[in-house]
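Participant: Fold the following.
(chains A and B)
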There are 2 protein chains.
Amino acid sequence: MNQDIHARRRDTARAALAAAGLDALLVCHAANRFYLSGFELHDPQCNESAGYLLLTRDGKDRLLTDARYEDAAKRIWDETLIHIYRAPKSKDIAQFITGLGYAAVGFESDGLSHKSWSEFEAGGLSLAPSGGLVEHMRRIKDEHEIAAMRRSCALTHAAFAAAPDMLVPGRDEAQVAWELEKYFRSNGASELSFATIVGVNENAALPHAVPGSTKVPEEGLVLVDMGCRLDDYCSDQTRTFWVGKTPSDRFRHVLDMVREAQEAALAVMRPGLPVREAYLAARGLFERYGQERFFTHSLGHGIGLETHESPSLGPNSADVLEPGMIVTVEPGLYYPEWGGVRWEYMILVTADGIERL
Amino acid sequence: MNQDIHARRRDTARAALAAAGLDALLVCHAANRFYLSGFELHDPQCNESAGYLLLTRDGKDRLLTDARYEDAAKRIWDETLIHIYRAPKSKDIAQFITGLGYAAVGFESDGLSHKSWSEFEAGGLSLAPSGGLVEHMRRIKDEHEIAAMRRSCALTHAAFAAAPDMLVPGRDEAQVAWELEKYFRSNGASELSFATIVGVNENAALPHAVPGSTKVPEEGLVLVDMGCRLDDYCSDQTRTFWVGKTPSDRFRHVLDMVREAQEAALAVMRPGLPVREAYLAARGLFERYGQERFFTHSLGHGIGLETHESPSLGPNSADVLEPGMIVTVEPGLYYPEWGGVRWEYMILVTADGIERL
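Facilitator: Here you go, the predicted model:
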């Protein structure tokens, strides 16, 4: 990717830095660091592995990493602004940052362990917790990001098109999940965006169904929730399939209600809408059928460099839809003794409405 | 696995708790939680996702998790000792633990973010940093662990036996890595224990070689460093292959030195040996050839539920080998303009010597 994009993002973040009264911000959250610098998106869920970005008000942004990543850093960053830290790591980092002389330095407290933080403090580096700044920016996707997410989403669609042939009666959930993963990886995905869920019948009602040894039946439902990382961006979609000749009446009825609830939510979604109202639109539909107590999930979540990002589309969310947001809309009904049905789209909020990706 | 094993481990940890003057320890590090409870080893590198174990001096150990994992928790834990926390999570957890009335509660500071810690504090839960207790136990593998690691290591051996056929000239590093991953996963591994390294020629000298578009040559060296997670336990091995008819003289010479250094280290390893001396034995061999400045890694590391565990086999380590430790021994020589050669074994320290797994 063009480094100009990252430089522009840093300038935007820099302005927020000034507004927060900070001279610098130690970016600890791996996905935030990648978003602002393009540096190393391995293990985006695991922080403190590849290093840190020190975003500064004076524009001399430093990349801090260890010797393993020295070559990778030099390929994308001004060498005079790279700091390679050595053991003992925390002492080295504390010394380096205090030596730069910034008065007010913030840090992302969800991306730093208490251990590292206390070692920084012991090394004389005093940090002010100031999270959320970059996460807030990341809610609105730019053109480059939207294009990448279209590709990631398209690959998930292709995988869903291939899925029915993989749902062979007698094959177990774990085997189906592995077939799907092979499809993603063989078609360009760098990894799954989360562990694929393949749930047969009752297993589809489990909120955290790990694919196991339950076999695809001759007749029955299979919920598949999956996504991949392609060109750095995540996708996440769910479909619930019927295996066998004729879907049962109950399956058809539950699926109809879920799809109706999804349409009800989509119908109200537009810039300016409190996301809570999209949730309530879906819930309202379930209430008409008296099924709302089986709608135990939130309606969806933001998605981008991470599978779960801001905003959350739950009943307690205070967020408002804005153009450029990409969120999942995934109503479902879960009956522990029977099974679950969920259907999930990824939605781009446009200038005057929404677009299904 | 038999839950008795976990109960026994908790009793051992409990004794250490008493010695540390703690009434309870909040186990935050995911691999430690799994080691003591058998609860959820997904993302062992990522903490704070599946929950926490509160190990207590009175023996009423609590499992804390969220609704997604409720079923999984009930399958292995006394229901009266499970706490399902709800949003806002940190406040709920702080309230629950303070309500139990323990006076001195420790926590693992490397497994808890500064954010969660400060939210716990704000919720009235005061915690004392007390890490390392479980990590120290985990250095010595029990019979069950040694058996699992033999299986994990054996699958890596099988993958290495299959590897030469995958090193097809013209195929790129990333394709080879993916073929190897498919081999692991198709043969029972739940995941890779770390991202496979496949480095052609100069790339083999990079300390953090991400498999890329460099193609396997008609004649040249390929370093492969890989491992898997099988039955929860990690393996990690490196071999450096020559592709083509006749290995170059330089390759043969460098490989000979590396293998000699490995034998020199293995020759001195036994219970009671400071691990630093194993490092120095390998280094001493390289010094005889005047190549020690190209030995830029440590000699190895402990391995188990995580790929990198205590002890570290580096020049500054103060650890001493003990029966039941499993460590890697992986000397290498790295020449940036030419390539790198590394050879890695997993070694079990026995009552009176060592065994190569």
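
Participant: Around chain B, which positions in chain A sit nearby?
Facilitator: Within chain A, the positions near chain B by CB under 8 Å from any CB of the partner chain are A:42-43, A:45-46, A:67-69, A:71-72, A:87, A:107, A:109-118, A:129, A:131, A:178, A:181-182, A:185-186, A:195, A:206-208, A:210, A:316. For the C-beta atoms, the positions are set from N, CA and C on the backbone; glycine is no exception.

Participant: domains of chain A?
Facilitator: Annotated domains of chain A cover A:3-137, A:143-356 [automatic domain parsing].

Participant: Please tabulate those domains in JSON lines, including the columns mean pLDDT.
Facilitator: Putting the domains of chain A into JSON lines (pLDDT from 0 to 100) gives the following:
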{"stretch": "domain A:3-137", "mean pLDDT": "92"}
{"stretch": "domain A:143-356", "mean pLDDT": "95"}
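
Participant: Dump the ones you listed to TSV, plus distance to B:Phe295.
Facilitator: Output for the domains of chain A, formatted as TSV (distance: least, CB to CB, whole Å):
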stretch	distance to B:Phe295
domain A:3-137	14
domain A:143-356	32
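
Participant: any chance of these in CSV, plus mean neighbour count?
Facilitator: Output for those, formatted as CSV (neighbours: other CB atoms under 10 Å in any protein chain shown):
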stretch, mean neighbour count
domain A:3-137, 18
domain A:143-356, 19
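
Participant: what's the closest of those to B:Trp242?
Facilitator: Closest to B:Trp242 of these, according to CB to CB: domain A:3-137, at 24.5 Å.

Participant: Let me see the contact set for the closest residue to chain B within the stretch 251-357 of chain A.
Facilitator: Closest residue of the stretch 251-357 of chain A to chain B, CB to the nearest CB: A:Asn316 (7.5 Å). Listed by CB atoms under 8 Å, 6 or more residues apart in numbering or on different chains, the contact partners of A:Asn316 are A:276, B:87.

Participant: so it sits in a strand?
Facilitator: No. Read with DSSP: H, G, I helix; E, B strand; the rest coil, A:Asn316 is coil and lies in no strand.

Participant: List the neighbours of stretch A:126-137 that are in contact with it.
Facilitator: A:9, A:12-13, A:16-17, A:20, A:22, A:25-27, A:29, A:32, A:35-36, A:104-111, A:117, A:120-121, A:309-310, B:114-115, B:118.

Participant: Give me the helices and strands touching whichever strand or helix holds A:Ala267, please.
Facilitator: Take DSSP states H and E as the rule and A:Ala267 turns out to sit in helix A:249-268. Applying 3 or more CB pairs under 8 Å, 6 or more residues apart in numbering or on different chains; DSSP states H and E, one finds that helix A:249-268 makes contact with strand A:237-243, helix A:275-288, strand A:326-329, strand A:332-335, strand A:339-342, strand A:345-349.

Participant: Which elements pack onto the first one?
Facilitator: Helices and strands in packing contact with strand A:237-243 are listed as helix A:143-166, strand A:220-226, helix A:249-268, strand A:339-342; criterion 3+ CB pairs under 8 Å, 6+ apart.

Participant: what distance separates it from the centre of its chain?
Facilitator: The chain centroid and the centroid of strand A:237-243 are separated by 21 Å under CA atoms, centre = their mean, to the nearest Å.

Participant: quick one: it to strand A:345-349, angle?
Facilitator: 150 degrees (axes from the mean of the first three to the mean of the last three CA atoms, to 10 degrees).

Participant: Parallel or antiparallel, which strands does strand A:237-243 pair with?
Facilitator: strand A:220-226 (antiparallel) (DSSP bridges).

Participant: Check which element follows the partner strand along the chain.
Facilitator: Per DSSP H and E, strand A:220-226 leads on to strand A:228-230 as the next helix or strand towards the C-terminus.

Participant: Mind listing residues that contact that following strand?
Facilitator: A:148, A:151-152, A:155-156, A:159, A:184, A:188-193, A:234-235.

Participant: Looking at those residues, spot the one nearest A:Thr246.
Facilitator: Top of the list for closeness to A:Thr246, among the contacts of strand A:228-230 and by CB to CB, is A:Ala159 at 25.4 Å.

Participant: Could you check how far that closest one is from B:Ser118?
Facilitator: Look at A:Ala159 and B:Ser118: by CB to CB, to the nearest Å, they are 41 Å apart.

Participant: Then A:His208?
Facilitator: A:His208 is 28 Å from B:Ser118, by CB to CB.

Participant: Looking at the domains of chain A, which is nearest to B:Asp249?
Facilitator: Across the domains of chain A, closest to B:Asp249 is domain A:3-137 (CB to CB), at 27.9 Å.
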